[in-house]
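> sequence? don't have it. structure:
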C-alpha cells in the first residue's frame, strides 16, 4: 500500500448519521457518529453489542458499551502508540464517517530519526516490521463501520476498536515484535537489538506530535518487544546461583545507568529515558507487563516502583483471559471480567491494571505474493491488554475533559473490577471471594483489577490523596461512592517499608549516606530507597477534594473519604452522603443530601436545596428536587459568608438542618416567590444551639422581601422567619 492511501485528510462532505438518543435522556455529549443503521442508542448499553462489537471479546469485559451509551467513543482524543508500524491498507478501519470510511483520516504517521536510524515514518514497512503494530492499533481505534475490510474468510472477521472514533498517532520502532527491550544476550541479532537513541527520539516525537485537531497526545501506549532470556522477574534480587540478569531489581540497573555512560548493552543512551521525559510533561505512559507469567512486570512496566515520582503519569497493564472465570449479569453486561494471566502486577500494583489479553481479534497485515494485504487475526498476550486499557483511558479522558491526565488515570484505577482469582500467602492463584466487586485496595496479582468503563463513566471511586478538580465551567455528576480506603491502607504498607529501609541502611552502613567507593549496585539500591522515602514523606494518606472553577459538581453517592472538602469556586452540590467536613472559601455549597461533618463558610455561599433545574443533571431517585441540606456537625457562617435560601410557598422552602451548633456572622440572602400565609414560620436554619445573628438582621428585626414583611428570630437553636403580612401597593 502506498503512503498516499494513508491519513492524508481529503476534504469531503458526507451525510452524517447520528445515533439517536433514547427517550427521556438528559442531553449530554454530541451524538456518536457511526454508520447508517447502527442500532446503538444513547442510554441503551445493550444496543451497542453488535456482532462487530462482539468480535473483540475485550469490549464487553471492560463494559465499553456503557461508555458508548453515555456518548463517548474517543472523538477528538489523540492516542499515541509506539510499535512496529501500522498498515495503511486498512482504510475502512482507519477512516471515519466524515469520509464514508474511504480515507484513513484518523490514523497518523509520526516520523522520527536518531542513532543509526534515518527518518522513519509510522507506517508498516515489510522490510523491517511485522503485523504487531497493526493489531495493537486496531484494538485502539478500528472504526465501527458495520462492514470492515474484505478478506479471504469473509467480512465476519470485522471488529471495532475500544475508542473507535479516536485519532491514532504512531511512531515506528523500526523493528518487529522480536526486538528485545532489556539486557541483550551475546547472540542477539541486529533485528533483536533496539536503536536506543532512535527509540528515545520516537517517544519525544509522538509526545510532541503536531496533531490535526491541535490537541495534545495525552497517552502513549507501548506493547512492543520481547523480554530477553537474560532476565527473569520472579524475584526482586538475583537468587544465588542464578544468571547475572535474573531479578527485577538487577534488570532495572540497566535503566538506571545515566545517559552518556556505557551500559551493559554497550549503549550510551537508554531508550526508556525518552518515555520518562514524555511522562514528565504529564503525558500518561503505558507499558505492558510481559508474558512470561512472572510475579512482577518487566522493568519498564514497573518503572513507578523504582521512580515513584512517575506515579500518576505511568502505569502497566497485565492480562486477563476473558474466557476463564468470566460471568455475566442478567442484562448481558459482565460481572466478573475473567482471570489474571501472564506477568502479574507485583511491586507495581499501585500503578497496574488488568485488561483482556487472550484470543483478541483485531486488524493484521499479511504479505501475499510480495504485496501486503489487510487481514484480521487473533493474538494473545499483554500486548493485547495494553491497547485495551489505553483506549479505555482515552474514553475516560473524553468523558471528563476537565480532569488532569493523572485524575483520569486514577479514575480508571479506582473503578476497576475484581478478577476471578487472587494470590494466597504462597503466591498461588486461589478463588477471589469478592470477585466482580469494585477493587478497594490493589493486590500484587491483579493491581487495580480490570478496567470497568461502566463505573468509570460515573467518576472516581476513591481519592488517592488530594484531588483538586477544576470543572472549567461544566456541570457534572459523580455518582460513585467515593472513599479513601486504598490510600489509608497504603499508609500501613509504607510504614512497614519505612522500617525495612531504616534496617537496610543500618545493616549496610548507609545511615549517613553512601560510603566512598560504593558499588554500582549499591548506588542503584540507595537511589531507589531515597526516592521511595521522599515519596512517602510527600504522600497524603487521606483523600480530600478541592472544587475549583465555574460549574456545579454534584456528588450523589455515599462519600466516605476522611479529608476536608474545600470549595473555592463554582458550586459543590451534595446530593448523597458526605462524611467529611466542608470548608467554603469561595463559591457555593449546596444540595439536598447530608454532610456528616461540619461546614464552615468563611467566604462564599451556603445554598441548601436542589432546584428542579439542577435535578435535570441527575438521573434516578437522587435527581428529585429537594429543599433541605443536612449537616451532621456544626454550621459556621463567617463574616464574609452568606446563606442563600428560597421560599416558594408555605411548605416549600430551602433550609439547613444541623446536628451541631450554629454560629452566624454573615449575611442572609433571601429569595421569595409564590403566595405566603401570614403567621407562617419558616425555620431557615436549625441546630442544637445558635450563636450570633445574620448581619444587619438582629432578633425581631423586620425585613421586606418579595412583597412580604418577615420578622427574624434566633431562639431554641433555630433561625426563623415569620410572615407578618403581605405588602400593600404603597409598600407597607
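Arrived safely. Keep in mind that this is a model prediction, so the values were computed, not measured. Numbers count the residues shown, from 1 in each chain.
> Name the next helix or strand following the helix or strand hosting residue 493 along the chain.
Using DSSP states H and E, the element containing residue 493 is helix 485-507. Using DSSP H and E, the helix or strand that follows helix 485-507 in sequence is helix 520-538.
> List the buried residues in that next one.
Neighbour counts using 16 or more other Cβ atoms under 10 Å place 524-526, 528-529, 531-533, 536 of helix 520-538 among the buried residues. All C-beta spots, glycine's among them, are computed from the backbone N, C-alpha and C.
> what's in contact with that helix?
Residues outside helix 520-538 that contact it (Cβ atoms under 8 Å, 6 or more residues apart in numbering): 249, 252-253, 256, 306-309, 311, 494, 497-498, 501, 504-505, 508, 510, 514, 518.
> 6 Å - rerun?
Applying Cβ atoms under 6 Å, 6 or more residues apart in numbering, the contact partners of helix 520-538 are 253, 256, 306, 308, 494, 501, 514.
> now swap in stretch 102-110 and tell me
Taking Cβ under 6 Å, 6+ apart as the rule, stretch 102-110 contacts 6-7, 9-10, 88, 91, 94-96, 99, 121-123, 167-169, 171, 205-206, 209.
> Could you pull out the buried residues of the lengthiest strand in the chain?
The longest strand of the chain (DSSP state E) is strand 635-649. Judged by neighbour count using 16+ other Cβ under 10 Å, the buried positions of strand 635-649 are 635-638, 641-648.
> Residue 367: which of those residues is nearest?
Of all the buried residues of strand 635-649, residue 644 has the smallest distance to residue 367: 70.2 Å, by Cβ to Cβ.
> sorry, back to before: quick check: neighbours of the longest strand of the chain in the sheet, parallel or antiparallel?
strand 599-608 (parallel), strand 652-653 (antiparallel), strand 661-664 (parallel), strand 667-672 (parallel) (DSSP bridges).
> which one of those is the most hemmed in?
Highest mean neighbour count of the strands paired with strand 635-649: strand 599-608, a mean of 23 (counted as mean count of other Cβ atoms under 10 Å).
> what's the average pLDDT for that strand?
Averaging pLDDT along strand 599-608 gives 98.
> if I look at residue 180, how far off is residue 586?
55 Å (Cβ to Cβ, to the nearest Å).
> Please apply the same query to residue 141.
Note on residue 141: its distance to residue 586, by Cβ to Cβ, is 41 Å.
> Three-state assignment for residue 135, please.
helix (DSSP: H, G, I helix; E, B strand; the rest coil).
> Contact partners for it?
362, 364, 379.
> The closest residue to it other than its chain neighbours bridge partners, please.
Once flanking residues are discounted, residue 135 sits nearest to residue 362: 4.6 Å by Cβ to Cβ, 6 or more residues apart in numbering. Beta-bridge partners recorded for residue 362 (DSSP bridges): residue 377.
> Pull the contacting residues for residue 362.
135, 138-139.
> Considering helices and strands only, name the one in the protein with the lowest mean pLDDT.
helix 612-615 (a mean of 82; mean pLDDT, DSSP states H and E).
> Now that helix: buried residues?
614-615.
> Each with direction, which strands does the very next helix or strand once past it pair with?
Using DSSP H and E, the helix or strand that follows helix 612-615 in sequence is strand 628-631. Under the criterion DSSP bridges, strand 628-631 sits next to strand 594-595 (parallel), strand 655-658 (parallel) in its sheet.
> Kindly compare burial across those and name the winner.
Mean neighbour count, computed with mean count of other Cβ under 10 Å, is highest for strand 594-595 among the strands paired with strand 628-631, reaching a mean of 24.
> Now do it: distance to the chain's middle.
How far strand 594-595 lies from its chain's middle: 27 Å, per Cα atoms, centre = their mean, to the nearest Å.
> which stretches of the stretch 151-300 of the chain form strands?
Taking DSSP state E, counting those that start in this stretch as the criterion, the stretch 151-300 of the chain contains strands spanning 167-172, 219-222, 284-288.
> Low-confidence ranges, the stretch 1-150 of the chain, go.
For the stretch 1-150 of the chain, applying pLDDT under 70 flags the ranges 1-28.
> For it, which segments are assigned as strands?
Taking DSSP E, counting those that start in this stretch, the strands of the stretch 1-150 of the chain run over residues 78-83, 107-110, 112-114, 117-120.
> mind checking how far the residue lying closest to residue 184 once chain neighbours are set aside is from residue 409?
Distance criterion Cβ to Cβ, 6+ apart; nearest residue to residue 184, sequence neighbours excluded, is residue 265 at 5.1 Å. Distance of residue 265 to residue 409, computed by Cβ to Cβ: 31 Å.
> Of those two, which one has the most company?
Taking other Cβ atoms under 10 Å, residue 265 and residue 409 do not tie; residue 409 has more neighbours (26 against 18).
> tell me the angle the helix or strand the more buried one falls within makes with helix 485-507.
Applying DSSP H and E as the criterion places residue 409 in helix 405-414. Going by axes from the mean of the first three to the mean of the last three Cα atoms, to 10 degrees, helix 405-414 is angled at 100 degrees with respect to helix 485-507.
> other SSEs contacting the helix holding residue 493?
Judged by 3 or more Cβ pairs under 6 Å, 6 or more residues apart in numbering; DSSP states H and E, helix 485-507 is in contact with no other helix or strand.
> If we use 10 Å, what do you get?
Identification of packing neighbours for helix 485-507 by 3 or more Cβ pairs under 10 Å, 6 or more residues apart in numbering; DSSP states H and E yields helix 405-414, helix 520-538.
> Minimum distance to residue 41: which of those helices has it?
Closest approach to residue 41 among the helices and strands packed on helix 485-507 is made by helix 405-414 (25.0 Å; Cβ to Cβ).
> List the buried residues of that closest one.
Residues of helix 405-414 classed as buried by neighbour count (16+ other Cβ under 10 Å): 405, 407-414.
> would you turn those residues into CSV with pLDDT?
Shown next, in CSV, are the buried residues of helix 405-414 (pLDDT from 0 to 100):
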residue, pLDDT
405, 99
407, 99
408, 99
409, 99
410, 99
411, 99
412, 99
413, 99
414, 99
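> so can I have JSON lines of those residues showing distance to residue 327?
JSON lines is the format used below for the buried residues of helix 405-414 (distance: Cβ to Cβ, whole Å):
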{"residue": "405", "distance to residue 327": "33"}
{"residue": "407", "distance to residue 327": "31"}
{"residue": "408", "distance to residue 327": "28"}
{"residue": "409", "distance to residue 327": "27"}
{"residue": "410", "distance to residue 327": "27"}
{"residue": "411", "distance to residue 327": "25"}
{"residue": "412", "distance to residue 327": "22"}
{"residue": "413", "distance to residue 327": "23"}
{"residue": "414", "distance to residue 327": "22"}
